[in-house]
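Undergrad: Okay, sequence plus prediction incoming.
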Amino acid sequence: MVEHMTKEELKERIADLEWDDFEAKTAKSELPKDIWESVSSFSNCYGGWIVLGVKQEGKTFSIQGVDNIEKLEQDFFSTLRSQKFNAQLIAQPKRYIIDDKKILAFYIPASKIKPIYYNVPSNTYIRMGSGDQRATEAEINAMFRDQSFGIKTEQFIPMSNFDMVNIASLQSYRSYVKAYNPDRAYPELDDASFCNKIKFLNDNGEISYSCLLMFGKGEYVQQFVPTFALSYLEIPGIDVSSAKQRYTYKLPEQDNIWESYLIIMRRLQTVVSVPFGKINHLGIAEHDTSMSDIVREALVNFCQHADFFSPLRSSIHVFLNRIEFLNAGSFPVALNKMVGKFFSMARNPGISKMFRWADLCENEGFGMDELLSWQKITNSKVEIESEREFSRVILYLPENGANLGANEAQTVQSGANLGANEVKITQDGANLGANKQRILHAIQIDNTLSLLKLQVLTNIPLRTLQREVNELIALGALEKGGTRKNIIWTIKNI
């Protein structure tokens, strides 16, 4: 799509130096030598305007005009059509007359092929603020990876097979879908047929990268995607240097995205948990889940837009005053074009689809408006960054800060794995076993869970779950109240 800029908009931009998609250059009768750096940087980023006939003097611009507008335009397009650049580029010219002076502008769209450079690869430039910067080797490599945006994880892995899937993870996911979005559960299909239906398994028996990353066994994930990592740390300070210890919780290494998501989401729900608020018409206290909903949106976006093939680890750091989501890979469009609009470009479409099927996100867009609503709900700011190699979303917490361990069942240093794989944990010194602890953790997050939803969240067989719950009640660790349709659980001290 061709961008347009009116005469009034041009005047507005000339009055402001802070535009990252606007580059003014003095040019009377010859093209400036550094114009190709700007062509490269706009092509490699989000596009922008090169305006000839405007001179920068200190912190202001002054209109100088150009003498031979036809020659400048012809020289510019002749170079674009030549072999100076490594790919054929397009540009949209626009002429203006301001104060009886001629101005020539070119809109350079973002190139679908990156990196774009002139003469040699070292002449690859990117836009940094309102200037052009030579790209580093790491930034150039990130551009090459971005060529597979939305494609790489959809590819099937040669010589792979269904045995590489962690069946416990897959069945945990299917149980979740059955409870929360039954129309997508397909209970009549076995696990392999289910994966075939969702395009995770082809007719040759090969699984896709999406399937491997979402549900794969750890050894095979590391074999085919050795850079895969989802890191989560809770740090008892406002930064690493001020923390008395490095962390109070570190996510143990998980097999796949689904296992990581289950644990991280439960940790984050505890971090942003709020007291019970209003009483509904049944006389039951209700939780305000708005903060948890936004955090869940941030986590889902974090998973479905991560560049798992980058050497940069995707990580979540929970400080006392904020939650930071740091992802490998940039957003595919400029941030100012994402607010108030819907974009369905996901770096990992198959993974995105799985989260939608589990009813964990409303759509496959970036959810920027949802994230920005955090500021309205909490009166705390939101920061969003997108650079060539990484993107970062920071949710600042309300004044009471992060709940790092308060009112939580005590876990060992490595923490509790609430997914399909179990870790032995204790509560107040009493060894309750993994199943009972998983039940208590789930109830602590939501004390109105039905037995069916409790079974889905803990992945414990229903008959075993009923026995474990009865034993917790007999031990005095758990109390069941409310009504048959509206259960209220209360965790007691042991």
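TA: Thanks, I have it.

Undergrad: who touches residue 236 in this structure?
TA: Contact analysis of residue 236 by C-beta atoms under 8 Å, 6 or more residues apart in numbering lists 243-245, 247-248, 320, 404. Where C-beta positions appear, they are placed from N, C-alpha and C, glycine not excepted.

Undergrad: and what of residue 118?
TA: Contacts were defined as C-beta under 8 Å, 6+ apart; by that measure residue 118 touches 36, 39-40, 84-86.

Undergrad: For the residue nearest the centre of the chain, pull up the helix or strand it's in.
TA: By C-alpha atoms, centre = their mean, the chain has its centre lying nearest to residue 302, at 2.4 Å. Counting by DSSP states H and E, the element that carries residue 302 is helix 290-304.

Undergrad: same check, this time on residue 32
TA: Using DSSP H and E, no helix or strand contains residue 32.

Undergrad: if I look at it, how far off is residue 53?
TA: Note on residue 32: its distance to residue 53, by C-beta to C-beta, to the nearest Å, is 11 Å.

Undergrad: Are there residues contacting both of these two? Which ones?
TA: Residues touching both residue 32 and residue 53 (C-beta under 8 Å, 6+ apart) are residue 26.

Undergrad: So which of these two has more stuff around it?
TA: In this view residue 32 and residue 53 are compared by other C-beta atoms under 10 Å, and residue 53 has more residues nearby, 24 against 14.

Undergrad: Report the separation between the more buried one and residue 132.
TA: Counting by C-beta to C-beta - residue 53 and residue 132 are separated by 19 Å.

Undergrad: repeat for residue 302
TA: 30 Å.

Undergrad: again with residue 12
TA: 22 Å.

Undergrad: show me where the stretch 1-150 of the chain has strands.
TA: Counting by DSSP state E, counting those that start in this stretch, the stretch 1-150 of the chain has these strands, from start to end: 22-25, 48-52, 54-57, 60-63, 92-98, 101-108, 125-128, 131-134.

Undergrad: Of the ones you listed, which is nearest residue 295?
TA: Evaluated with C-beta to C-beta, those place strand 125-128 nearest to residue 295, the distance being 30.6 Å.

Undergrad: Can you mark which positions in the closest one are buried?
TA: For strand 125-128, a neighbour-count test (16 or more other C-beta atoms under 10 Å) marks 125-127 as buried.

Undergrad: contacting residues around that strand?
TA: 20-21, 37-38, 40-42, 44-46, 48, 117, 132-135, 139, 388.

Undergrad: Paired strands for it, with orientation please.
TA: Applying DSSP bridges, strand 125-128 is found paired with strand 131-134 (antiparallel).

Undergrad: what comes into contact with the strand it pairs with?
TA: In contact with strand 131-134 (C-beta under 8 Å, 6+ apart) are residues 23, 34, 37-38, 40-41, 122-127.

Undergrad: List buried residues within the contacts of residue 236.
TA: Using 16+ other C-beta under 10 Å, the buried ones in the contacts of residue 236 are 243, 247-248, 320, 404.

Undergrad: Just name the closest of those residues to residue 170, please.
TA: residue 247 (30.5 Å).

Undergrad: Quick check, that closest one in contact with residue 237.
TA: No. Counting by C-beta atoms under 8 Å, residue 247 stays clear of residue 237, with 9.7 Å between them.

Undergrad: pLDDT (mean, whole number) over the helix or strand encompassing residue 169?
TA: In this structure, residue 169 sits in helix 167-180 according to DSSP H and E. Taken as a whole, helix 167-180 has an average pLDDT of 91.

Undergrad: What residues of that helix count as buried?
TA: 168-170, 172-179.
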